[in-house]
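J.: Predicted model and sequence follow; I will ask about them next.
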Amino acid sequence: MESQKNVSEFILLGLSFQNIQLFCFVLFLNCYVALLLGNLLILISIRCSPIFYQPMNYFLSHLSFMDICFASCVTPKFIGDLLVKRKTISYSNCMSQVFAMHFIGMNEVLILTIMAFDCYVAICKPLHYMIIMNKTKCNFLILAAWAGGAAHSFPQFFIAILPPFCGPNEINHYFCDIFPLLKISLCTDTYITGVLVLANSGLVTLVTFMVLFVSYVIILFTLRSHSAEGRRKALSTCGSHITEIVVFFGPAIFSYLRPPTTFPEDKVFALFYTIIAPVFNPLIYTLRNTEMKSAMRKVWCQAS
């Protein structure tokens, strides 16, 4: 049998769309270009306008940057693989992909949580908003998100590299992830490892989702005492955030909050949090945000 050190590459089986590979290539290439342009548009618009110093927009600029990084870990290779018959990835690149996906993904989860906290303070503690969400605390929260991403991703990385890969080196996915890797680790018992992944990824995702859910229940309850105009403005901002949470967390919970196994649907659900959610973020946060649209007009009209 092959030992772990002898595995130099893995074969990615990719999506099961053999007859429409070219169509998928064009579709996902356009999605990736739209993702890059849309998130760069938000990032530059915020950074070049006074709204950068507003906490929610400050956090949104970091979320856009994370979206670009998160999608770029997987999407370029995935798109290129649609044009080739044999899809391979080296052992080192595979493990790097596992680390990067979980590091940036957890960073995004924590930034979404921070944005929910910002909404809560703005609506439920408006008189104390500038004290609670000052520049120093905003910077600290972003640093905490990066630290949380590292604390989550390093255990996942070690879980990925420790099992010996002595079976077939075919990964039934279009990128390297923990459960597909555990499935091909045939010469060791991965039950305990799967439980650790469930605790580190599944439960963390579920608990974060529940915290966000409770936060928005409190926010919506508090809005009952606001004026109609205040409710409209708050719901516009919070509605964008809730939409993003549903699109991102729904597939992520399905993918990780379960026993260590794989399903054919995993690849389709993974498309939501690797490509679709980052593509729709710019639309979600600009079409419903009057302040953002105004900032974009000022920045880009002056530039032209």
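T.: On my side now, so go ahead.
J.: so residue 43 touches residue 61, yeah?
T.: Yes: if you go by Cβ atoms under 8 Å, residue 43 and residue 61 touch, sitting 5.4 Å apart. Placement of C-beta: from N, CA and C, glycine included.
J.: longest helix anywhere in this protein?
T.: Among the segments of the chain that qualify as a helix by DSSP state H, the longest is helix 91-124.
J.: Please point out which parts of that helix sit buried.
T.: Buried residues in helix 91-124, defined by neighbour count with 16 or more other Cβ atoms under 10 Å: 91, 94-95, 97-123.
J.: And that helix, how far out from the chain middle?
T.: 6 Å (Cα atoms, centre = their mean, to the nearest Å).
J.: Against which helices or strands is it packed?
T.: In terms of contacts (3 or more Cβ pairs under 8 Å, 6 or more residues apart in numbering; DSSP states H and E), helix 91-124 is packed against strand 9-12, helix 55-81, helix 129-132, helix 135-161, helix 178-183, helix 204-222, helix 228-256.
J.: Excluding chain neighbours, what is closest to residue 25?
T.: Spatial nearest neighbour of residue 25, chain neighbours left out: residue 82 (4.2 Å); criterion: Cβ to Cβ, 6 or more residues apart in numbering.
J.: What is the burial count for that neighbour?
T.: Applying other Cβ atoms under 10 Å, we find 22 residues neighbouring residue 82.
J.: quick one: it from residue 277, how far?
T.: The spacing between residue 82 and residue 277, counted by Cβ to Cβ, to the nearest Å, is 20 Å.
J.: same question, residue 143
T.: Taken as Cβ to Cβ, the span from residue 143 to residue 277 is 24 Å.
J.: Looking at those two, which is more packed in?
T.: Applying other Cβ under 10 Å to residue 143 and residue 277 shows that residue 277 carries more neighbours, namely 26 against 10.
J.: which residues touch the more buried one?
T.: Counting by Cβ atoms under 8 Å, 6 or more residues apart in numbering, residue 277 touches 67, 244, 247, 248.
J.: repeat that for 7 Å
T.: 244, 247, 248 (Cβ atoms under 7 Å, 6 or more residues apart in numbering).
J.: distance of residue 7 from residue 196?
T.: 22 Å.
J.: what's around residue 269, how many residues?
T.: Neighbours of residue 269 (other Cβ under 10 Å): 16.
J.: still on that earlier bit, quick one: mean pLDDT over the longest helix of the chain.
T.: On average, the pLDDT along helix 91-124 is 90.
J.: Distance of residue 294 relative to residue 103?
T.: Taken as Cβ to Cβ, the span from residue 294 to residue 103 is 34 Å.
J.: Near residue 147, how many other residues are there?
T.: 12.
J.: Can you check what pLDDT the model gives it?
T.: 95.
J.: what does residue 47 give?
T.: Residue 47 is given a pLDDT of 85.
J.: I'd assumed residue 58 was in contact with it.
T.: No: counting by Cβ atoms under 7 Å, residue 47 stays clear of residue 58, with 9.6 Å between them.
J.: between those two, who's got more neighbours?
T.: For residue 47 versus residue 58, neighbours defined as other Cβ under 10 Å are more numerous around residue 58 (23 against 15).
J.: show me what contacts the more buried one?
T.: 52, 138.
J.: 8 Å - rerun?
T.: Per Cβ under 8 Å, 6+ apart, neighbours of residue 58: 46, 52, 138.
J.: Name only those of those residues that count as buried.
T.: 46, 138.
J.: Can I get the contacts of residue 58 in a markdown table including distance to residue 148?
T.: Shown next, in a markdown table, are the contacts of residue 58 (distance: Cβ to Cβ, whole Å):
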| residue | distance to residue 148 |
| --- | --- |
| 46 | 23 |
| 52 | 23 |
| 138 | 16 |
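J.: Of the contacts of residue 58, which is the nearest to residue 161?
T.: residue 138 (35.2 Å; Cβ to Cβ).
J.: still on that earlier bit, my guess is the residue nearest to residue 25 contacts residue 24. True?
T.: Yes: contact between residue 82 and residue 24 holds when scored by Cβ under 8 Å: they sit 5.4 Å apart.
J.: shaky segments in the stretch 201-304 of the chain?
T.: 230, 233-234, 236-237, 258-264, 286-291, 293, 295, 302-304 (pLDDT under 70).
J.: at 80 what do you get?
T.: Scanning the stretch 201-304 of the chain with the threshold set as pLDDT under 80 gives 201-203, 223-266, 281-304.
J.: got it, and the stretch 51-200 of the chain?
T.: For the stretch 51-200 of the chain, the ranges with pLDDT under 80 are 51, 162-168, 185-200.
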